[in-house]
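Asker: Sequence first, then the predicted structure:
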Amino acid sequence: MSVRQVGRVLSHLRQARGLKIEEVCRGICTREEYRDFELSLQYPRVDVLQKLSCRLQIELEDFFQIRNEEINDYGGAIENIIRRFIRYRDYAFIYEIVSRELEDEPLSWDRYRQQFLLWHMGICQYHHLGDAAKALDTLEEALQLTYTSKEPIKEREVEIVISKAIIHCEIGELEKAIRIYNKALNLMASSPHLNNPHIHIRILYSLSKTYTDEEEYEKSCEMIEQAIDMCIDNETMYLFGELYFQLGENYINLGRIKDGEMMIQKAIVLFEAQKHTEMVELSKKN
């Protein structure tokens, strides 16, 4: 990453965290040195950058893009940071990052990156601001930036559709969510170029949870079993623990208590292996 890119990322992260320069650089470097970093007048040493990363609660590798060498520009760095914090469900932080990007650099992002920002803005509008209607409008705006019925649907467009379905489910519009999930499954089935098994597994898992909320436990189990088979076929642990946990809850709701306990025990083992501490505690509590 260039000195200019590091400076911009440092500046955005500091402001998103609501920190003053003095709070970030204290005990690491002088105020003047830090300002030079943000202004892209000099590049921080690796040890200094590592300490600043820790202070800003982000991994050093996000600055260097070690995990994805193809993303070596500023926009790619921001995308990588947003993706990481989505995993942590730090929606307040993501909201600040996305808001600043949409406000400060509206012309520097192509439509695919604008779509990425709007997609995550919609997610944050729901999870951080609690505004479902606005979130759904924003997600639809993001989808329409690239979607056309004349072209095959793209992977990200399916992911945005899933985000819409999740919100409909959480606000109690279960039948609408089920329709959207099934539409997404049909799109995956009719689009051989969409070969990312994680998306397919995620749809099946989300649909299974919605069926559980509808008390259609047998249908939910059917979706979960399909997803588990897909995990095994593709040798992936993606949502593996969550699937067994959901299956266990369904069995318990169906009166199959011992089977349900066995599935939840499997989920605990998987969560422990993946160091998903919160899910381990939740599973043990259940």
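Answerer: Okay, I see it. Small disclaimer: the values here were computed from a predicted structure and weren't measured.
Asker: ok, C124 - contacts?
Answerer: By Cβ atoms under 8 Å, 6 or more residues apart in numbering, the residues touching C124 are 91-92, 94-95, 98. Just so you know, the C-beta spots here come from the backbone N, C-alpha and C atoms, and that holds for glycine as well.
Asker: List every C-alpha atom in stretch 16-30, with coordinates, as PDB.
Answerer: Below are the C-alpha coordinates for stretch 16-30, written out as PDB (Å, rounded to 0.1, in the frame of the first residue of the first chain):
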ATOM      1  CA  ALA A  16     -14.700   6.500  12.700                       C
ATOM      2  CA  ARG A  17     -13.500   5.600  16.200                       C
ATOM      3  CA  GLY A  18     -14.100   9.100  17.300                       C
ATOM      4  CA  LEU A  19     -10.500   9.500  18.500                       C
ATOM      5  CA  LYS A  20      -8.400  12.600  18.600                       C
ATOM      6  CA  ILE A  21      -4.900  12.500  17.200                       C
ATOM      7  CA  GLU A  22      -3.400  12.700  20.700                       C
ATOM      8  CA  GLU A  23      -5.400   9.600  21.800                       C
ATOM      9  CA  VAL A  24      -4.100   7.600  18.800                       C
ATOM     10  CA  CYS A  25      -0.400   8.500  19.000                       C
ATOM     11  CA  ARG A  26       0.100   8.600  22.800                       C
ATOM     12  CA  GLY A  27       3.100   6.500  23.700                       C
ATOM     13  CA  ILE A  28       3.700   5.500  20.100                       C
ATOM     14  CA  CYS A  29       4.900   8.500  18.200                       C
ATOM     15  CA  THR A  30       4.800  12.300  18.400                       C
END
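Asker: which parts of it are buried?
Answerer: In terms of neighbour count (16 or more other Cβ atoms under 10 Å), stretch 16-30 has its buried residues at 16-17, 24-25, 28-29.
Asker: In TSV: these, plus distance to L239.
Answerer: Below are the buried residues of stretch 16-30 laid out as TSV (distance: Cβ to Cβ, whole Å):
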residue	distance to L239
A16	29
R17	30
V24	36
C25	40
I28	38
C29	42
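Asker: Which one of those residues is nearest to F116?
Answerer: Nearest to F116, judged by Cβ to Cβ, of the buried residues of stretch 16-30 is A16 at 16.6 Å.
Asker: burial count for H168?
Answerer: 20 (other Cβ atoms under 10 Å).
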